[in-house]
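Here is my input; please provide its structure:
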Amino acid sequence: MSKVIMISAKQGGGKTTLANELLKQLPDATIVKFAQPLYDILKLVKLEILKIDLLTRFDPESTRSVLYYNTMHQVYLFLEKFGISITDAGSNPEIKDQTLLKILKKYYKSADLLNLSIDKITDADGVFFQDFAESFGRQLIDKDIWCRIADSYVSKLKTEHIIFDDLRHKNEFATFPSALKVRLDCKESLRLERCAKRRDNTNHISEIDLDDYADQKMFDLYFNTEFESTELIAKKIIETVI
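Prediction:
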């Protein structure tokens, strides 16, 4: 059975840097993200936009209905691969449609349609992640939607060590009870300095949901990345899991 390591921190706290260091030092390890389906869904959104020519991308709002419909259809097909349907318990499908449409329109207005890139993550992409994950996924489909998909991803992996570098929510915390849970911290000015791209809403639930768990010492290991090197932190984690 794979050993799971879950890393929690605020933006710029060092989650990804530590995960990459663990990947270098640990034998047979894989990085997995609770947010991976959000990246996959954003890719679907971008691909639908890239299918249409540049002139059409800048057409008036009224001409984009086909684009929105096609995009929503692709998103729903993606979720259905994991047994998740918009007809599941919760709000009615019409509300879900309206919410998703609102998120897509907001993204369409804020994205750089002229230089849209599949791989480059922009500020508009970051806002899309927050909107889609919370307002659509957790609130309208299932509060555990991303945990369910993450569990599905992990069940298919055969690697000895699995590293989550984006532990942000209480239900994620509980998804893998035997996982080693690591909390990183450092002063805010340093975190902001490290972030090439950061989301302005620092009070979003994805930023603060685990603050009380950290205060209550519910994590297995705590490190301050201002004073401890990534290499040393990784070494201490490996000594714990091996």
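
hey, which helix or strand in the chain has the poorest pLDDT?
helix 54-57 (a mean of 64; mean pLDDT, DSSP states H and E).

what element comes up after that one heading to the C-terminus?
For helix 54-57, the succeeding helix or strand toward the C-terminus, using DSSP states H and E, is helix 65-80.

for that following helix, packing partners?
Counting contacts by 3 or more C-beta pairs under 8 Å, 6 or more residues apart in numbering; DSSP states H and E, helix 65-80 is packed against helix 36-50, helix 93-110. In this view, the C-beta of every residue, glycine as well, is placed from N, C-alpha and C.

how about 10 Å then?
Counting contacts by 3 or more C-beta pairs under 10 Å, 6 or more residues apart in numbering; DSSP states H and E, helix 65-80 is packed against helix 36-50, helix 54-57, helix 93-110, helix 145-155.

nearest to residue 239, of those?
helix 145-155 (23.4 Å; C-beta to C-beta).

Show me which residues of that closest one are buried.
Neighbour-count burial for helix 145-155 flags 145, 146, 147, 148, 149, 150, 153, 154 (criterion: 16 or more other C-beta atoms under 10 Å).

relative orientation of that helix and helix 65-80 in degrees?
60 degrees (axes from the mean of the first three to the mean of the last three C-alpha atoms, to 10 degrees).

From the chain's centre, how far out is helix 145-155? Work that out for me.
12 Å (C-alpha atoms, centre = their mean, to the nearest Å).

Show me how the chain divides into domains.
Domains of the chain are assigned by automatic domain parsing as 3-28+159-241, 36-141.

what's the least confident stretch among the helices and strands packed on helix 65-80?
In terms of mean pLDDT, the lowest-scoring of those is helix 54-57 (a mean of 64).

and which of the buried residues of helix 145-155 is nearest residue 192?
residue 146 (25.9 Å).

got a list of what the residue nearest the centre of the chain touches?
In the chain, the centroid-proximal residue (C-alpha atoms, centre = their mean) is residue 35; its distance is 2.3 Å. For residue 35, the contacting residues are 42, 129, 133, 146, 150, 164, 165, 166, 168, 172, 206, by C-beta atoms under 10 Å, 6 or more residues apart in numbering.

May I have the residues that are in contact with the second one?
This means residue 129. 35, 38, 39, 41, 42, 121, 199, 206.

Same question for the fifth one.
Residues in contact with residue 150 (C-beta under 10 Å, 6+ apart) are 32-37, 82, 144, 162, 164, 166, 172, 175-176.

and which of those residues is nearest to residue 238?
Nearest to residue 238 among those, with distances taken as C-beta to C-beta, is residue 162, at 14.0 Å.

quick one: contacts for that closest one?
So residue 162 contacts 2-6, 29-32, 150, 153-154, 176, 179 (C-beta under 10 Å, 6+ apart).
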